[in-house]
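[1] Predicted structure and sequence below. I'll ask about it afterward.
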Amino acid sequence: MDITTLISPESVIPNLKVTSKKQALQELAREAAALTGLHERAVFDTLLERERLGTTGVGNGIAIPHGKLPQLGRLHGLFARLERPIDFEAIDEQPVDLIFLLLAPESAGADHLKALARVSRLLRDRSMCEKLRGTDSAEGLYALLAESEAQAA
């Protein structure tokens, strides 16, 4: 699963200004709706439903909110670097400042899991996260994420 098939330079937000988990999910839903053509409320409700099952704050300042929507034709990703870390109810109780949103079609099956695993592997790399936290342009963030793909190949 190639990260660059999930995100594009337009789906990278370098300084998302939010103060809560709910607000972060709302803003990400708004951005995802603009990129996918889906209704913002449908995206937000899907993300909220997933969070009710357990937090997608995976630790080390990272969250990977995700969900499936029947209207999608393919997997979509969105990466956001927050202006300030927020409480995301992460498993390690640390605030989150890097979020990778993943949306999949209902029929995605294993592809959804492969994409989640790829994103998780990428964001488990501490040096990659340090570079992402030190970059404040969408172009720079996208280049780092795409570069990680080239190194993994």
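    The structure has been received and is ready for your questions.
[2] Which parts of the chain are helices?
    3-6, 21-36, 40-53, 110-124, 126-133, 138-152 (DSSP state H).
[3] which of the ones you listed has the lowest average pLDDT?
    Among the helices of the chain, helix 138-152 carries the lowest mean pLDDT, at a mean of 83.
[4] elements contacting that one?
    helix 3-6, strand 12-16, strand 76-86, helix 110-124, helix 126-133 (3 or more Cβ pairs under 8 Å, 6 or more residues apart in numbering; DSSP states H and E). For the C-beta atoms, the positions are set from N, CA and C on the backbone; glycine is no exception.
[5] what separates the second one from the chain centre, distance-wise?
    For strand 12-16, the separation from the chain centroid amounts to 11 Å (computed by Cα atoms, centre = their mean, to the nearest Å).
[6] now swap in the fourth one and tell me
    Taking Cα atoms, centre = their mean, one finds helix 110-124 lying 11 Å from the centre of the chain it belongs to.
[7] which helices and strands sit right next to it?
    Using 3+ Cβ pairs under 8 Å, 6+ apart as the test, helix 110-124 ends up in contact with helix 3-6, strand 66-69, strand 96-105, helix 138-152.
[8] Give me the contacts around that helix.
    Helix 110-124 has contacts (Cβ atoms under 8 Å, 6 or more residues apart in numbering) with 1-3, 6, 58, 60, 62, 64, 66, 68, 75, 77, 98, 100, 102, 104, 108, 128-129, 145, 148, 152.
[9] buried residues in it?
    112, 115, 116, 118, 119, 122, 123 (16 or more other Cβ atoms under 10 Å).
[10] Same check on stretch 36-43?
    36, 38, 40, 42, 43.
[11] For the closest residue to residue 125 other than its chain neighbours, give me its contacts.
    Counting by Cβ to Cβ, 6 or more residues apart in numbering, residue 148 is the residue found nearest to residue 125 once chain neighbours are left out, at 7.4 Å. Residue 148 makes contacts with 3, 122, 125, 128, as judged by Cβ under 8 Å, 6+ apart.
[12] Please name the bridge partners of the residue nearest in space to the middle of the chain.
    Nearest to the mean C-alpha position of the chain, counting by Cα atoms, centre = their mean, stands residue 100 at 1.4 Å. Residues in a beta bridge with residue 100, per DSSP bridges, are residue 79.
[13] can you tell me how far it sits from residue 133?
    14 Å (Cβ to Cβ, to the nearest Å).
[14] now swap in residue 69 and tell me
    30 Å.
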